[in-house]
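**Q** Have a look; sequence and predicted model below, questions after that.
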Amino acid sequence: MSTAPVCVSVDCPAKTNLTLHVGDPREQWGGRHELDTIYCAISLADTLTATLKPPGTGFSLELEGDHLGDLSSADMRRNHAVLALFAMAEEAGREPDVALSIDKRIPVGAGLAGGSTDAAGTILALNELWELDWPLERLKRVAATLGSDMPFCIAGGYAHGTGCGERTEAIAPDCDEAAVLRRQGYCGSLVVGAYRSQLSTPQVYAAFDRLGAGEGDDNHLQRAAISLHPRSGEAIAAALGAGARHAFVSGSGPSVVAFTPTPAIRQAVVAAWQHSGSVDRIIAAEAPAEPMLKRHGCTIS
Ligand code: ATP
C-alpha cells in the first residue's frame with residue numbers, strides 16, 4: 001500500500017553567475033535590466049523541510065543556522081519560502097497548512113540566491129507532499145512568478161539565462177559548451193568568501209547605473225558591488241594572487257567565489273584570505289551541483 005508523505009526535505013543549492021552581462025533597463029519589465037548570464041549551481045546548500053499540519057492550523061516557519069543575517073528579524077510572511085508556499089497553495093486550491101523549516105547554510109543577501117533557492121525547494125517539496133505530481137514546466141511557471149533566478153534554481157547544473165534571467169536553457173553536462181566551461185576551469189573545487197554584511201540587489205543595480213561595468217569584467221555588477229563593499233575587491237585580488245583560476249563577485253555580491261584547481265591552490269587561497277582578513281567566512285564547495293535532490297521523504301506506515 002502506498003502512503004502519502006508527511007514530510008519532505010529538499011537540498012537547495014546556491015547559485016553563482018559565471019558570466020553576467022547587464023543590458024538596458026526595460027520599461028515593459030518594470031524597469032528591470034535585461035540580462036545575459038551563465039548560471040552555475042554550487043554544492044553549498046540549505047535544507048528545506050515541509051511537514052503537513054492539521055487542517056485549519058495555517059503555516060509555520062522555523063529557521064536554523066548561525067548566520068541568518070537580516071532574516072532573524074524579518075517578517076516571516078515575507079520569507080521567500082513562505083511566499084512560495086502561498087503561491088503553490090493558491091495554484092493548487094489548498095490551504096497552506098504546512099510547517100516549513102530551513103537549515104540555512106547559504107549566506108543571506110550575498111548574491112548566492114539563498115532566498116530564491118529556498119523558494120524553489122519549497123515548490124518541489126510541496127509538489128511531493130501534496131502529491132500534485134505536476135510536471136517541471138508547471139513548477140517552473142509558478143517559480144517564475146516569484147523571482148527571476150528561481151526557474152534556474154529548480155533546474156540546477158549550468159544554464160543560460162536571458163530576459164531578466166528568468167528564461168533559462170539548461171547546458172547539458174555532455175554538450176560542447178559544458179566541456180568548454182569545464183576546460184576553462186569553471187568546475188570542481190571552489191571556495192566562497194562570505195561576509196557578515198549584506199548587499200541589497202536594487203542598490204547594486206543603482207550603483208551599476210552610475211558606474212557601468214568594469215573593463216574586462218565578465219560580471220558587469222562586480223565594479224558596482226566593490227564600490228559598495230571594497231573588501232570583495234581585496235578578496236578577489238588575494239585569491240588571484242594565490243593562484244585561483246577565476247575569482248569574482250558572485251551575482252550582486254558581496255560574496256566572492258574562487259575556483260581552485262588543486263588542493264594546494266585551495267589551501268593557498270584560504271591562507272591568503274585568512275592572512276588579509278578580506279573575508280569573514282570561508283566555505284568550501286563544488287560546482288556544478290546536481291539539481292535539487294529530495295533527501296528524505298518520510299512516509300507514514
Ligand atoms: P538576489 O536573489 O536578490 O540576488 P541574494 O542572493 O543577494 O538575492 P538572498 O540571500 O536571496 O540574497 O537575500 C535577499 C533578501 O531576501 C534578504 O534581505 C533576505 O532578508 C530576504 N529573504 C527572504 N527569504 C529568504 C530566505 N529564505 N533566504 C535568504 N534570504 C531571504
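**A** Nice, thanks for sending it over.
**Q** I'd guessed Q198 sits against D70; true?
**A** Yes - the criterion here is CB atoms under 8 Å, and Q198 meets it with D70 at 6.4 Å. The C-beta positions use only the backbone N, C-alpha and C, and glycine is treated the same way.
**Q** Same drill for these two, tell me which one is more crowded.
**A** Q198 (18 against 10; other CB atoms under 10 Å).
**Q** Quick one: list the elements packing against the helix or strand hosting V191.
**A** According to DSSP states H and E, V191 maps onto strand 188-194. Helices and strands touching strand 188-194, as assessed by 3 or more CB pairs under 8 Å, 6 or more residues apart in numbering; DSSP states H and E, comprise strand 32-52, helix 230-241, strand 256-259, helix 263-276, strand 281-287.
**Q** In that strand, which residues are buried?
**A** Within strand 188-194, the residues that count as buried by 16 or more other CB atoms under 10 Å are S189, L190, V191, V192, G193, A194.
**Q** what do you get for stretch 146-159?
**A** Going by 16+ other CB under 10 Å, stretch 146-159 has these buried residues: 146-159.
**Q** just curious, which of the residues you listed is nearest to G277?
**A** Within the buried residues of stretch 146-159, the smallest distance to G277 is 30.4 Å, found for D149 (CB to CB).
**Q** longest helix of the chain?
**A** helix 114-129 (DSSP state H).
**Q** what angle sits between that helix and strand 32-52?
**A** Angle of helix 114-129 versus strand 32-52, following axes from the mean of the first three to the mean of the last three CA atoms, to 10 degrees, is 40 degrees.
**Q** Run the contact check for helix 114-129 versus the ligand.
**A** Yes - against the ligand, helix 114-129 shows contacts by CB under 6 Å from any ligand atom at G114, G115, S116, D118.
**Q** Do me a favour and average the pLDDT over that helix.
**A** On average, the pLDDT along helix 114-129 is 96.
**Q** hey, C-alpha coordinates of that helix in CSV?
**A** Output of helix 114-129 as CSV, limited to C-alpha atoms (Å, rounded to 0.1, in the frame of the first residue of the first chain):
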residue,chain,number,x,y,z
GLY,A,114,19.7,31.9,-1.0
GLY,A,115,16.1,33.2,-0.8
SER,A,116,15.3,32.0,-4.4
THR,A,117,16.6,28.5,-3.9
ASP,A,118,14.7,28.1,-0.6
ALA,A,119,11.5,29.1,-2.5
ALA,A,120,12.3,26.7,-5.4
GLY,A,121,12.9,23.9,-2.8
THR,A,122,9.5,24.7,-1.2
ILE,A,123,7.8,24.3,-4.6
LEU,A,124,9.4,20.9,-5.2
ALA,A,125,8.7,19.8,-1.6
LEU,A,126,5.0,20.7,-1.9
ASN,A,127,4.7,19.0,-5.2
GLU,A,128,5.6,15.8,-3.4
LEU,A,129,4.0,16.5,0.0
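**Q** which strands and helices sit next to it?
**A** Using 3+ CB pairs under 8 Å, 6+ apart, helix 114-129 sits against strand 5-26, strand 32-52, helix 80-92, strand 98-103, helix 136-144, helix 150-155, strand 293-294.
**Q** CSV for these, including distance to the ligand and mean pLDDT?
**A** Converted to CSV, those look like this (distance: least, CB to the nearest ligand atom, whole Å; pLDDT from 0 to 100):
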stretch, distance to the ligand, mean pLDDT
strand 5-26, 8, 94
strand 32-52, 7, 95
helix 80-92, 4, 98
strand 98-103, 6, 98
helix 136-144, 13, 89
helix 150-155, 9, 85
strand 293-294, 18, 58
